[in-house]
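Participant: I need the structure of the sequence given here:
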Amino acid sequence: MGCEPDSCSMKLKVRGRCIGVVEPDVRWKTKASEMVGRTLVETDANEVPIVVANFSRESSVRTDLEKVAAEEDLPVPTCVKELRSFLGLCIYYQRFVKDFVTIATPLHKLLGKRQRFALTAETQKAFKELSFSPRNLPPPPRPWHQRWVWVHGESQSSPISQSRVHSINVHHMDPLINWTMTFHRESDVLANYGYFLSLGASVRPLRPNLMSSHGKAMKKYLAALKAGHTLQDVMGPAWSSFVNRPHVVAWMSSHCPTSSRREQYVKELQKYLPVAKYGRCGTQVCRPAGPLNEPCWRNVLSTNYSFYLSMENSICDDYITEKLYNPLVFNLVPVVWGGSDYDMYLPPHSYINARHYHPKDLARLLLHLQHNPVEYGRYHLWRGYFKAYVRGSLCELCHLVHTSTTPSHHTQIARWFVGSSMCQRVPRNLFNDPQNPDAWKVLINSTARNVYWPDDHTRD
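Facilitator: Numbers count the residues shown, from 1 in each chain. This is a model prediction of the structure:
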């Protein structure tokens, strides 16, 4: 039913054949969800076309001024060649000109063989009637079977989100949109930056990014956890490649500071544990740079580090990005920092939630696991039952295209999007505020840390 992503673009299949390519938004730097696009996906009259749209502040349903600039202020043709060019341009908007064929007939006669080129009053009148400004053209009629999809993958607190939500309100786009496609579960199409597939499964679920879609594999995996199976039991001798890493943890980020204050957590963590910091927020470089930089992940991060700080720039419900899926694909254990219920998206015991640990306690946990390979290996046990992928799955969108018979329309998309994902305000100073030394407790619930060291009574 779906169609796999191809490089940084994505083909969409309808009724067995690909009907178009959704190109990534350049502002996203092709990161993870190539589902985010700004290209019109069209088909022939017998197929079901969809429009994938990210409306910028300047967006609206109107004539593309760049494409009609050639028709502005055209000079009167002085030869057959210029007349042919003019009539060729007219083809693009002839459907909007009443009695176009009748009006254009005198001009077409001048193109006949052995016809002397001479502009008469009749031909000049025809030229004037056909050379009106296309800027005033009405938008083309929308086919009844066409679906418009509003695609967005940034958190509500980002400037990009504020701009795009504003544009929907300003240009009254709500009635035009049939489906929403975002990272939130309440969207018509759930568009995450990655997903899981159950090993050995013959059918792909519509929402493979949700653990609830992998019932059989999850049942087997939970039984293995309960039985105390180790990574060696599942993977055999290959298990050693997951546990023999020279360094503990790495972090790669291009935005500093952020509303989630993740940089403050990392700074505090560095007091107790060395953290390799790549990107603009650190001093180390992993070339070539980019959120989907496979050579960097394969050759540097996956061979040198056991953990990766998968920290989002916003603490919003359901908001997870490629920062989560990259370490899963390249054999690291993610240490997450965000507002999602990660148990809904990840197998149990496949990650560590930094919001359950003060940085000092997290450092102790990571060092403990680094020196206990069998215990650390159990964080990779899920790999015997699932496989993680970066980029998105289009199964749900394809399913809607196949099965939708009655167009639905959204109202107040902006209000829904802003209200659907509750974003948490984070104190400006989490760890070093003399007036509020416990500010970190607003975001961090440290009670869960006791699960890992029930017999350790040495902590402060």
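Participant: I'd guess residue 82 is in a strand, am I close?
Facilitator: No. Going by DSSP: H, G, I helix; E, B strand; the rest coil, the assignment for residue 82 is helix, not a strand.
Participant: and it, what is it in contact with?
Facilitator: residue 75 (C-beta atoms under 8 Å, 6 or more residues apart in numbering). For the C-beta atoms, the positions are set from N, CA and C on the backbone; glycine is no exception.
Participant: shift numbering so it begins at 769
Facilitator: Sounds good: first residue 769 from here, last item residue 850.
Participant: tell me the pLDDT of it.
Facilitator: In this model, residue 850 is scored at 87, pLDDT.
Participant: ditto for residue 1054
Facilitator: 86.
Participant: what about the strands in the stretch 869-1018 of the chain?
Facilitator: 915-919, 947-950, 957-958, 962-966, 1015-1021 (DSSP state E, counting those that start in this stretch).
Participant: list the buried ones in stretch 987-1007?
Facilitator: Neighbour-count burial for stretch 987-1007 flags 988-989, 992, 998-1000, 1002-1003, 1007 (criterion: 16 or more other C-beta atoms under 10 Å).
Participant: where are the low-confidence patches of the protein?
Facilitator: 769-842, 864, 900-910, 934-935, 937-939, 1057-1059, 1189, 1214-1228 (pLDDT under 70).
Participant: how close does residue 877 sit to residue 945?
Facilitator: Plainly put, residue 877 is 47 Å away from residue 945 if you go by C-beta to C-beta, to the nearest Å.
Participant: sorry, back to before: for the strands of the stretch 869-1018 of the chain, which one ends up most surrounded?
Facilitator: strand 947-950 (a mean of 25; mean count of other C-beta atoms under 10 Å).
Participant: more neighbours, residue 877 and residue 945?
Facilitator: residue 945 (22 against 12; other C-beta atoms under 10 Å).
Participant: wait, doesn't that one sit right on residue 1181?
Facilitator: Yes. Residue 945 is within contact range of residue 1181, at 6.2 Å (criterion: C-beta atoms under 8 Å).
Participant: quick check: neighbours shared by those two?
Facilitator: With C-beta under 8 Å, 6+ apart, residue 945 and residue 1181 have common neighbours residue 918.
Participant: and of the strands of the stretch 869-1018 of the chain, who's closest to residue 1153?
Facilitator: Taking C-beta to C-beta, strand 962-966 is the member of the strands of the stretch 869-1018 of the chain nearest to residue 1153, at 6.9 Å.
Participant: pull the residues that contact that closest one.
Facilitator: 800, 972, 976-977, 979, 982, 984-985, 1090, 1092-1093, 1096-1097, 1115, 1153-1161.
Participant: stretch 861-880: end-to-end distance?
Facilitator: Terminal residues of stretch 861-880 lie 23 Å apart, using C-alpha to C-alpha, to the nearest Å.
Participant: hang on, the earlier thing: just the ones of the buried residues of stretch 987-1007 in helices?
Facilitator: 988-989, 992, 999-1000, 1002-1003 (DSSP state H).
Participant: in the residues you listed, find the pair that's most separated.
Facilitator: 988 and 1000 (17.5 Å).
Participant: quick one: residues contacting residue 855.
Facilitator: Counted by C-beta under 8 Å, 6+ apart, residue 855 has contacts 872, 875-876, 879.
Participant: what does residue 1025 give?
Facilitator: Counting by C-beta under 8 Å, 6+ apart, residue 1025 touches 1031-1032.
Participant: how about it, phi and psi?
Facilitator: Main-chain dihedrals, residue 1025, degrees, to the nearest 10: phi -80, psi 180.
Participant: check the gap between it and residue 1089 for me.
Facilitator: In this structure, residue 1025 and residue 1089 are 17 Å apart, going by C-beta to C-beta.
Participant: partners of residue 1019 in the sheet?
Facilitator: Residue 1019 forms beta bridges with residue 1045, as assigned by DSSP bridges.
Participant: residues contacting it?
Facilitator: 1034, 1043-1046, 1049-1050, 1076-1077, 1079.
Participant: again, only using 10 Å
Facilitator: 1030-1031, 1033-1034, 1037-1038, 1043-1047, 1049-1050, 1052, 1073, 1075-1079, 1091, 1103 (C-beta atoms under 10 Å, 6 or more residues apart in numbering).
Participant: out of the residues you listed, which end up buried?
Facilitator: 1030-1031, 1033-1034, 1037, 1043-1047, 1049-1050, 1073, 1075-1079, 1091, 1103.
Participant: quick one: which of the residues you listed sit in strands?
Facilitator: 1043-1047, 1073, 1075-1079, 1103 (DSSP state E).
Participant: reformat those residues as JSON lines; add distance to residue 932.
Facilitator: Shown next, in JSON lines, are these (distance: C-beta to C-beta, whole Å):
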{"residue": "1043", "distance to residue 932": "34"}
{"residue": "1044", "distance to residue 932": "35"}
{"residue": "1045", "distance to residue 932": "31"}
{"residue": "1046", "distance to residue 932": "29"}
{"residue": "1047", "distance to residue 932": "26"}
{"residue": "1073", "distance to residue 932": "35"}
{"residue": "1075", "distance to residue 932": "34"}
{"residue": "1076", "distance to residue 932": "30"}
{"residue": "1077", "distance to residue 932": "28"}
{"residue": "1078", "distance to residue 932": "25"}
{"residue": "1079", "distance to residue 932": "24"}
{"residue": "1103", "distance to residue 932": "31"}
